[in-house]
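# Okay, structure incoming, though there's no sequence with it:
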């Protein structure tokens, strides 16, 4: 800081400490406050990078706005750099010294000068004006100075508040003394001091209010991110430093709003400001409303595109969780748990720390387990424990493994008590029973904790007896399966308990089945419930355990046969009996494949499977949809399992177990798919007895239908069901694309890999089926422009795209497809006679979508094959009903699109006349047919004589002009030609204003007839 406030040459480093500079300035201020303030004003101006200087007469005679305008005119903004943005360690030091100077200035002036109503008013007024400048350097520098000034004033206000509190306590203590010991003079001094402190406090608050409303409120949303970041950083300091005054919603809202800032730098400052607040748990009550309002935004920022922001957001969420266990929901926590998968290591480590904090939060107090409402969080942590260890160092990994062992020991003791406490709550019990799968089961033996194992087995048995929910029963079954692992010494103890439980339920099931079958139609609800509840339990256990020695299949089969013969069996019992029988068959197959079965064993299993398949097939006709769906799924599964695939891998001896579905069963399975998969939503709602489905139910229903289709598609892919059955599925590709498009496309791809030709035949068959359905619906005279016909053509186009770009690989398949399509088009003759088109002729228009997939030489072959079905009369017809044939023949012309005439438009395409297949010697000619040649204006001018000679030859063969018009010229243009000829004959003139199309076709027809009178007409 030089004389007159000038900073000359390069920006100097501080040669003296800021405190010494401030002391000198204070002395100068006491001598002449205008000169001193002028130095301070020039200091702020020149720290902004401005070379201009405010002179004393300007300071005394001009308003701040005028001074700032004058300095703006002298500001050199060519470079765009100014001290706060210039790179290098020197300028970083400048920034820190600049901020320190402002803090020291207020600190050393806090007892006198700042209250003189001149110095602070002048500085705040100047900074407010500069902060509103259009010059970025002024705005940035003044905002930083104002925010640091505000921070210093907040510190002064805090000190004043502390002094006020101390003075008040001293005053109260002195006043409460006995009258004889009370010092009145001291009371008066304390009272006077308290009053003075309050006045100073009011003045400081007015200054802070001026800065906040005059600068912060406008600059926290400045267009420059650095300025916004400065504001947010400092407001965080104010709230932490003087929480009584600033930690409220009036100030917190600015931080909350800025969490949505578009710049990561600003969002980062917000998070760090909040971290400093959430670190202090005493501040949580004041942050409660803010947390509720902005928690979702903070959690979402853990996925921020800026990794630094995401890391700080995770750390903030960790602090929130540590401060209040109720602040975050389970869903919020799970959103953070997933981030341990992040490829960015700092994010993964931060998420791991969050998991660690959450884990240790539980470990602080074992009693907390008794108030856990959802144990899923714990399960998530344990399930991803191995991944969590990957982001830790070796030392941290060992610590976490030790923690896991401690957790296992704790839950070995706590889990039986938790199950007892929450035994009535199915959801909590199902979640708690997930915990043992993550235990280190050796601890039961090494820690001599077998009594706790017995307690756990007792509680599991109690849960099985009390609940019939599938989730609970499956969790119990899985827990038994884990505890029965042969690698652990506790296996025998658990196996005995498990066998006793199964013995009890099997005995109960057998008795209840006998009672139900004896009662017959007179069975009451209790009989039905006894069978159903016991069967549910056994079915759930049969899924994970081999229960074949209890022969559950026999009684299940009896229930199924009784239901089929008498039709009185409740659908839930039938569904469970089907599933249990299925598990029984699979376990029998496991025993046979793992051992050395005898022929008798194979025959017994074959008989069992055959009888069960017959039952399932009969259940497809059941009136209850759940029964039919279960029977269908089991049929598909068993046909897959007991297919020819069973003999692979050296298991040829299992050939007696192979089942091939007959045509009747295949037809029934396909009919089921058509009736239960390819249905409209409205039909489904009606089938559900009028109940309205919510969105979740609709998704569940779609998922079920997708499973049904996938099960049947696997039978096609593995050559268990004939491939032609896929035609009924492929034809729905477009209509149900959103629901099943991926399944159908994958099925098509797999069938093509198996047999390209058979797949092509299946595709054309699906199109033929759609065509037949349309003919039955609309009759033989189809509207070629209708949406239904367009839909079939679009499906054909999609099928054509699936053949890919390699025409060599698909050559034979595409040719076969065309062969089948041609045969279908001419399969039936029109009953009215040969002059009428065959009923299926319109199918050729669909078939033409595949012509682009033929090789050039194959098009000739297909064209030759097509001609075998054509009579001379067919080839000469040009009426609209014959357009599919014309279109298809044109699509087979060598050269593709460039070598054919557009049938729809009637206008010719540009191309070489010699390229037309009419004039090529190697083109297969149709007997008696005259193809319309391709003509363009260029060809007409260059080859007039040649064209005339060709036409003369054709005229000698094909008679009169009227015959030609009738046979070969589209009707509308022939009529146009005749009308123009008549006009020409009457007027002996030509109207040059006729349309281009009329001119063109008139000229073409004239050339065919040898009329040269208008050959001079210029065609555009």
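That came in fine, so what should we check first? The model shown is predicted, which means the values in this text are computed figures rather than measured ones. Residues are numbered from 1 along each chain as shown.

# Now do the SS call for the residue nearest to residue 510 when sequence neighbours are not counted.
Take residue 510 and drop its neighbours on the chain: the residue closest to it by Cβ to Cβ, 6 or more residues apart in numbering is residue 555, 6.2 Å away. The way it works is simple: take the backbone N, C-alpha and C, and place the C-beta from them, glycine included. With DSSP: H, G, I helix; E, B strand; the rest coil as the basis, residue 555 sits in helix.

# List the contacts of residue 555.
509, 510, 513 (Cβ atoms under 8 Å, 6 or more residues apart in numbering).

# The last one sits in which helix or strand?
With elements taken from DSSP states H and E, the one containing residue 513 is helix 491-519.

# Just the buried positions in that helix, please.
Residues of helix 491-519 classed as buried under the neighbour-count rule (16 or more other Cβ atoms under 10 Å) are 493-494, 497-498, 501-502, 505-506, 508-510, 512-513, 516-517.

# After that helix, which helix or strand is next?
Following helix 491-519 in sequence, per DSSP H and E, is helix 525-544.

# what distance separates that next one from the centre of its chain?
39 Å (Cα atoms, centre = their mean, to the nearest Å).

# Start the count at 40 instead of 1 going forward.
Got it, first residue is 40 now, which makes that one helix 564-583.

# What are the contacting residues of that helix?
With contact meaning Cβ under 8 Å, 6+ apart, helix 564-583 is reached by 503, 507, 509, 512-513, 515-517, 519-520, 541, 544-545, 547-548, 551-552, 554-555, 558, 586, 591, 595, 598, 609, 611-612, 615-616, 618-619, 622-623, 626.

# and if we set it to 7 Å?
Residues outside helix 564-583 that contact it (Cβ atoms under 7 Å, 6 or more residues apart in numbering) are 503, 507, 509, 512-513, 516-517, 520, 541, 544-545, 547-548, 551-552, 554-555, 558, 586, 591, 609, 611-612, 615-616, 618-619, 622-623.

# Check stretch 757-773 too.
678-679, 682, 684, 700, 705, 708-709, 713, 717, 752, 754-755, 780, 783, 786-787, 790, 793-794, 797-798, 801-802, 804-805, 808-809, 830, 833-834, 837.

# Quick one: end-to-end distance for that stretch.
24 Å (Cα to Cα, to the nearest Å).

# List the buried residues in that stretch.
Across stretch 757-773, burial judged by 16+ other Cβ under 10 Å covers 759-760, 762, 764-773.

# What's the mean pLDDT across stretch 103-123?
Taken as a whole, stretch 103-123 has an average pLDDT of 80.

# List the buried residues for that stretch?
Buried, per 16+ other Cβ under 10 Å, within stretch 103-123: 103, 106, 107, 110, 111, 114, 121, 122, 123.

# Tell me if I'm right that the first one and residue 165 touch.
Same thing as residue 103. Yes. Between residue 103 and residue 165 there is a contact at 5.6 Å, judged by Cβ atoms under 7 Å.

# Show me the shaky parts of the chain.
Low-confidence segments of the chain (pLDDT under 70): 40-55, 115-119, 398-435, 720-732, 933-1059.

# Show me which of the contacts of stretch 757-773 are buried.
Judged by 16+ other Cβ under 10 Å, buried ones among the contacts of stretch 757-773: 678-679, 682, 700, 705, 708-709, 717, 752, 754-755, 783, 786-787, 790, 797-798, 801-802, 804-805, 809, 834, 837.

# buried stuff in stretch 140-148?
Applying 16+ other Cβ under 10 Å to stretch 140-148 flags 140, 141, 142, 143, 144, 145, 147, 148 as buried.

# with these in mind, which one is nearest to residue 817?
Nearest to residue 817, judged by Cβ to Cβ, of the buried residues of stretch 140-148 is residue 141 at 87.3 Å.

# what's the helix or strand for the closest one?
Per DSSP H and E: helix 128-148 holds residue 141.

# Any idea how far that helix is from the middle of the chain?
With Cα atoms, centre = their mean as the basis, helix 128-148 stands 51 Å off its chain's centre.

# What's the first helix or strand after it?
Next along the chain after helix 128-148, taking DSSP H and E as the criterion, comes helix 158-170.

# ok, and what's touching that next one?
72, 76, 79-80, 83, 103-104, 107, 152-153, 177-178, 181-182, 184-185, 246, 249-250, 253-254, 258.

# now those residues: which count as buried?
Here, 16+ other Cβ under 10 Å leaves 76, 79-80, 83, 103, 107, 152-153, 177-178, 181-182, 184-185, 246, 249-250, 253-254, 258 buried among the contacts of helix 158-170.

# In helices, which of those residues fall?
76, 79-80, 83, 103, 107, 177-178, 181-182, 184-185, 246, 249-250, 258 (DSSP state H).

# which one of the residues you listed is nearest residue 463?
residue 258 (59.5 Å).

# Report the contact partners of that closest one.
170, 182, 266, 270.

# what's the neighbour count on the last one?
Under the neighbour criterion other Cβ atoms under 10 Å, residue 270 is assigned a count of 27.

# any idea how far it lies from residue 612?
Residue 270 sits 71 Å away from residue 612, going by Cβ to Cβ, to the nearest Å.

# wait, isn't residue 624 in contact with residue 651?
Yes. Using Cβ under 7 Å, residue 624 is in contact with residue 651, at 6.3 Å.

# Present the buried residues of stretch 103-123 as CSV; the columns should include distance to residue 481.
Output for these, formatted as CSV (distance: Cβ to Cβ, whole Å):
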residue, distance to residue 481
103, 80
106, 82
107, 78
110, 79
111, 79
114, 77
121, 68
122, 67
123, 63
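
# All the helices of the stretch 590-739 of the chain, residue numbers only.
Taking DSSP state H, counting those that start in this stretch as the test, the helices found in the stretch 590-739 of the chain are 591-605, 610-633, 638-658, 664-680, 702-715, 720-726, 734-756.

# wait, which of those is closest to residue 95?
helix 734-756 (76.2 Å).

# can you list the residues that contact the closest one?
668, 671-672, 675, 678-679, 708, 712, 715-716, 723, 732, 760, 762, 764-765, 768, 778-779, 782, 786, 789-790.

# In this protein, mark out all the strands, start to finish.
Here the chain has no strands by DSSP state E.

# Show which residue of it lies farthest from the average position.
residue 219 (82.2 Å; Cα atoms, centre = their mean).
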